[in-house]
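Asks: Okay, structure incoming, though there's no sequence with it:
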């Protein structure tokens with residue numbers, strides 16, 4: 001089973017409806033973990049900090065909902081590094097989960113990513129202990145305090161082709177207080193809004209912020225003036241450690257006919273993508 005974007009970490013910074021993405025109720029988290037067991041879902045686990053990754057699966061969730069057991073890596077060296085990190089956690093753990101505690105024993109050691117019914121599931125594991133399950137090495141960990149769910153239809157709309165330049169110009173206030181226009185890459189687009197990649201250095205954005213005088217630039221079309229409202233912010237960390245913010249923005253004002261222009265662009269890209277896929281069959 002392929003695990004899409006398995007080595008990319010996604011952290012929710014803020015959203016209008018945080019509960020839509022982030023679960024904190026222990027019973028709900030335990031229920032989803034048990035669904036993953038029933039679905040025989042594979043997880044991609046990455047040691048944090050570091051780049052060690054391995055494929056694992058949840059073997060069981062304790063009846064009291066306090067802990068879970070996952071398969072250990074087949075690589076004993078990775079298992080040793082996991083236990084070393086569990087015993088001596090370093091700073092630089094998850095901003096989202098670790099900011100709530102100053103106890104070093106509670107630092108996230110493993111980032112786990114999987115899919116359930118085409119929904120991305122992500123959580124961090126703490127307090128790992130080496131154990132065994134049916135004669136094989138395994139890890140026992142505390143139940144995740146939070147679990148991130150990202151619906152594909154909500155988080156991945158039409159992904160902008162990397163072969164085409166699709167940008168949006170935003171007026172961003174920098175740390176010196178000066179507002180400057182920035183041409184930022186559009187990650188995905190729909191008739192209702194866009195998701196934009198924002199470098200951390202330009203990240204003076206907050207959920208709910210209204211961005212005036214923006215310009216959406218589609219290939220083959222004149223720039224479309226737009227007003228954007230920031231609805232959610234995610235921090236994306238790629239496998240090689242590069243960080244960016246994904247700002248999900250809603251169109252709150254556009255000129256007449258702009259939505260039709262966007263829909264035509266989306267249909268054109270989808271037709272070209274489908275034609276390429278048919279040619280590869």
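Replies: Received it, and whenever you're ready, just let me know what you need. Values in this document were obtained by computation on a predicted structure and should not be read as measured data.
Asks: Quick one: low-confidence residue ranges for the stretch 101-250 of the chain.
Replies: 101-106, 151-164, 202-203, 239 (pLDDT under 70).
Asks: For it, just list every one of the strands.
Replies: Per DSSP state E, counting those that start in this stretch, the stretch 101-250 of the chain carries strands over the ranges 110-116, 119-125, 129-133, 136-142, 147-151, 158-159, 167-173, 179-190, 193-198, 210-217, 224-237, 243-253.
Asks: Save these as TSV, and put in mean neighbour count and distance to residue 13 too.
Replies: C-beta: built from backbone N, CA, C; applies to glycine. As requested, the strands of the stretch 101-250 of the chain are exported to TSV (neighbours: other C-beta atoms under 10 Å; distance: least, C-beta to C-beta, whole Å):
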stretch	mean neighbour count	distance to residue 13
strand 110-116	22	16
strand 119-125	22	14
strand 129-133	13	31
strand 136-142	18	24
strand 147-151	19	12
strand 158-159	17	21
strand 167-173	18	16
strand 179-190	16	16
strand 193-198	22	11
strand 210-217	17	17
strand 224-237	19	4
strand 243-253	19	7
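Asks: Can I get those strands in JSON lines including distance to residue 44?
Replies: Shown next, in JSON lines, are the strands of the stretch 101-250 of the chain (distance: least, C-beta to C-beta, whole Å):
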{"stretch": "strand 110-116", "distance to residue 44": "5"}
{"stretch": "strand 119-125", "distance to residue 44": "10"}
{"stretch": "strand 129-133", "distance to residue 44": "19"}
{"stretch": "strand 136-142", "distance to residue 44": "15"}
{"stretch": "strand 147-151", "distance to residue 44": "14"}
{"stretch": "strand 158-159", "distance to residue 44": "20"}
{"stretch": "strand 167-173", "distance to residue 44": "31"}
{"stretch": "strand 179-190", "distance to residue 44": "21"}
{"stretch": "strand 193-198", "distance to residue 44": "23"}
{"stretch": "strand 210-217", "distance to residue 44": "34"}
{"stretch": "strand 224-237", "distance to residue 44": "14"}
{"stretch": "strand 243-253", "distance to residue 44": "19"}
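Asks: Figure out which of those is closest to residue 22.
Replies: Residue 22 lies closest to strand 147-151 among the strands of the stretch 101-250 of the chain, at 5.7 Å (C-beta to C-beta).
Asks: any idea how the protein splits into domains?
Replies: 19-154, 157-280 (automatic domain parsing).
Asks: can you put those in a markdown table and add distance to residue 11?
Replies: Compiled in a markdown table, those are given as follows (distance: least, C-beta to C-beta, whole Å):
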| stretch | distance to residue 11 |
| --- | --- |
| domain 19-154 | 5 |
| domain 157-280 | 4 |
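Asks: Any chance you could list what contacts the helix or strand hosting residue 86?
Replies: Here residue 86, judged by DSSP states H and E, is contained in helix 76-87. Here helix 76-87 makes contact (C-beta atoms under 8 Å, 6 or more residues apart in numbering) with 47-50, 52, 54, 72-73, 109-110, 127-130, 137, 139.
Asks: Identify the farthest-apart pair in those.
Replies: 49 and 137 (22.4 Å).
Asks: residue farthest from the centroid of this structure?
Replies: In the chain, counting by C-alpha atoms, centre = their mean, residue 135 sits farthest out from the average C-alpha position, at 34.6 Å.
Asks: of all the strands of the stretch 101-250 of the chain, which lies closest to residue 61?
Replies: Closest to residue 61 of these, according to C-beta to C-beta: strand 136-142, at 10.6 Å.
Asks: Work out the sheet partners of that closest one and label each with its direction, please.
Replies: Strand pairing for strand 136-142, determined by DSSP bridges: strand 67-71 (antiparallel), strand 129-133 (antiparallel).
Asks: Relative to residue 215, which of those is closest?
Replies: The nearest among those, by C-beta to C-beta, is strand 67-71 at 47.3 Å.
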